[in-house]
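Novice: This is a predicted model, with the sequence first.
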Number of protein chains: 2
Amino acid sequence: MKDKNISVAVIRRLPKYHRYLKELLDNDVKRISSKELSKMIGFTASQIRQDLNNFGGFGQQGYGYNVEDLYMEIGKILGLTRPYNVVIVGAGNLGQALANYTSFDRLGFKLQAMFDVNPKMIGLKINSVNVIDMDQFETFVDENNVEIVYICTSREGAQDVADRIQKTKARAIWNFAPVDLKIKNDMIVENIHLIDNLLTVSYFLKSRME
Amino acid sequence: MKDKNISVAVIRRLPKYHRYLKELLDNDVKRISSKELSKMIGFTASQIRQDLNNFGGFGQQGYGYNVEDLYMEIGKILGLTRPYNVVIVGAGNLGQALANYTSFDRLGFKLQAMFDVNPKMIGLKINSVNVIDMDQFETFVDENNVEIVYICTSREGAQDVADRIQKTKARAIWNFAPVDLKIKNDMIVENIHLIDNLLTVSYFLKSRME
DNA sequence: TAGATTGTTAATCGATTAACAATC
DNA sequence: TAGATTGTTAATCGATTAACAATC
């Protein structure tokens, strides 16, 4: 499976395929054609076939795709063949919300701890996960093979956390703070910039009114 | 300002311009060239000039762009010239997190109420906003000129909420449930599919390992 | 004026769609 | 076999980048 030169546009569609295939699987659908999938998912049949063929010929002429096989294959492509240890920095509302998402756990994203600087938060258990003092961050991450850190701090605190992550063995950041982190090494960074997304809503609302 | 035929790619970059210009403004930077902005923001200077010229000639040859003017103009394009009334459906952790974001309020997204079906939640105040019974949803939305609804329910509850929104005067949905809502009319829908984004992280982690 | 930088056209690049031969 | 549908190549479309004349 040599994922060379796959465009980011394709990668970002994969989770959607994964989601729809799961639904089909849950509904006991055994096979599906690119045409049928197209109708459900909203991509063209051509695009679906192109996307999938970046990773291999998963279908069969005259038949279509086996739902279970394709679901498993896309899971593999997405790296869902093993669990990932994760921690959350920032035990506020958002951090707590993420800590309580059972679907992350089910997919293999295993929350090992939460960190905060607020003494009132430290020692609490959220969904049976400990809130630990930020002092122990680097040690904990390295000792527990944490690979992904979710940053749920304020805008102001985020860069400092990012700097500290870069001193550990963790290699990916999922950033919820409304700031573009400055990263030196080849860390993987995905941003959820809520405000950016909300501003597109107001853009479309305004445009629609004119 | 005729926003005709502007591609979605351009629209999604606008909030980032807005964010960086705010930062420049806060640092008392008076003017900036597309070249300097390029270095900060990571888009090419050419792309920045192309993007901005979709909406008008905001710059001046030999000078660059006036930071304050450009910030205001982009704010206008994004629809930030008036407030928007919003409500949250689902007063769980995520709903509460969103209710507590002061930056949304500062930009003009005014939270009028939160809704839930859980009797334990109803009557609570979160950040001085009432949690109301879902029974009163349609009436409240129409009487309070709510334009945007944030869906923070479970996957299972989201479509039902979407159906109910379509019976009101609200015209935009900000959806956090991991499902693609079926919408009949021309409602504006923006999705934050957290799992989809997290799966790209595991994809990149896996790819990086090979 | 000379230098700088935009606004804008043209060239390039990449992604999506269409078409169809291969084949189950 | 006949029908269906993939895998894949070619055509199209759109977005990004480069170039440069206009002009502050």
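Specialist: Received, thanks.

Novice: Only C-alpha atoms from now on, for both contacts and neighbour counts.
Specialist: Will do.

Novice: Please determine whether the longest strand seen in chain A lies in contact with chain B.
Specialist: Secondary structure assigned by DSSP state E gives strand A:109-116 as the longest strand of chain A. No - using C-alpha under 8 Å from any C-alpha of the partner chain, strand A:109-116 never reaches chain B; the gap is at least 9.0 Å.

Novice: just how off-centre is the helix or strand that that strand is followed by within its chain?
Specialist: The first helix or strand that comes after strand A:109-116 along the chain, using DSSP states H and E, is strand A:125-126. Distance, stretch centre to chain centre, for strand A:125-126: 22 Å (C-alpha atoms, centre = their mean, to the nearest Å).

Novice: right, and the helix or strand after the longest helix along chain A?
Specialist: Assignment by DSSP state H gives helix A:8-26 as the longest helix of chain A. Toward the C-terminal end, the helix or strand that comes next after helix A:8-26 (DSSP H and E) is strand A:31-32.

Novice: All the strands of chain A, residue numbers only.
Specialist: A:31-32, A:59-60, A:64-66, A:84-89, A:109-116, A:125-126, A:129-133, A:148-151, A:172-175, A:188-191.

Novice: Relative to DNA strand C, which of the ones you listed is closest?
Specialist: Distance to DNA strand C, taken as C-alpha to the nearest atom of the strand, is lowest for strand A:59-60 among the strands of chain A, at 5.1 Å.

Novice: how does chain A divide up, domain by domain?
Specialist: Using automatic domain parsing, the domain parsing of chain A gives A:8-77, A:84-196.

Novice: got a markdown table for the strands of chain A, with distance to DNA strand D, mean neighbour count and mean pLDDT too?
Specialist: Below are the strands of chain A laid out as a markdown table (distance: least, C-alpha to the nearest atom of the strand, whole Å; neighbours: other C-alpha atoms under 10 Å in any protein chain shown; pLDDT from 0 to 100):
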| stretch | distance to DNA strand D | mean neighbour count | mean pLDDT |
| --- | --- | --- | --- |
| strand A:31-32 | 6 | 18 | 98 |
| strand A:59-60 | 3 | 15 | 96 |
| strand A:64-66 | 3 | 18 | 98 |
| strand A:84-89 | 30 | 23 | 98 |
| strand A:109-116 | 30 | 23 | 98 |
| strand A:125-126 | 41 | 15 | 96 |
| strand A:129-133 | 41 | 20 | 98 |
| strand A:148-151 | 27 | 26 | 98 |
| strand A:172-175 | 22 | 22 | 98 |
| strand A:188-191 | 18 | 18 | 98 |
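
Novice: Would you format those strands as TSV with distance to DNA strand C included?
Specialist: What follows is the strands of chain A, written out as TSV (distance: least, C-alpha to the nearest atom of the strand, whole Å):
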stretch	distance to DNA strand C
strand A:31-32	13
strand A:59-60	5
strand A:64-66	9
strand A:84-89	28
strand A:109-116	28
strand A:125-126	40
strand A:129-133	39
strand A:148-151	26
strand A:172-175	22
strand A:188-191	18
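
Novice: In JSON lines: those, plus distance to residue B:195.
Specialist: As requested, the strands of chain A are exported to JSON lines (distance: least, C-alpha to C-alpha, whole Å):
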{"stretch": "strand A:31-32", "distance to residue B:195": "24"}
{"stretch": "strand A:59-60", "distance to residue B:195": "26"}
{"stretch": "strand A:64-66", "distance to residue B:195": "24"}
{"stretch": "strand A:84-89", "distance to residue B:195": "14"}
{"stretch": "strand A:109-116", "distance to residue B:195": "10"}
{"stretch": "strand A:125-126", "distance to residue B:195": "20"}
{"stretch": "strand A:129-133", "distance to residue B:195": "20"}
{"stretch": "strand A:148-151", "distance to residue B:195": "13"}
{"stretch": "strand A:172-175", "distance to residue B:195": "11"}
{"stretch": "strand A:188-191", "distance to residue B:195": "12"}
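
Novice: And for the longest strand of chain A, what's in contact with it?
Specialist: Identification of contacts with strand A:109-116 by C-alpha atoms under 8 Å, 6 or more residues apart in numbering or on different chains yields A:83-91, A:95, A:99, A:104-105, A:122, A:129-134, A:137, A:144, A:146.

Novice: can we see that at 7 Å?
Specialist: A:83-91, A:122, A:129-134 (C-alpha atoms under 7 Å, 6 or more residues apart in numbering or on different chains).

Novice: Any part of the longest helix of chain A near DNA strand D?
Specialist: No - if you take C-alpha under 7 Å from any atom of the strand as the test, helix A:8-26 misses DNA strand D, and the best it gets is 11.0 Å.

Novice: Residue A:129 and chain B: what is the separation?
Specialist: 16 Å (C-alpha to the nearest C-alpha, to the nearest Å).

Novice: What's opposite that residue in the beta bridge?
Specialist: residue A:126 (DSSP bridges).

Novice: Could you export the domains of chain A as a markdown table, including distance to residue B:159?
Specialist: As requested, the domains of chain A are arranged in a markdown table below (distance: least, C-alpha to C-alpha, whole Å):
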| stretch | distance to residue B:159 |
| --- | --- |
| domain A:8-77 | 15 |
| domain A:84-196 | 18 |
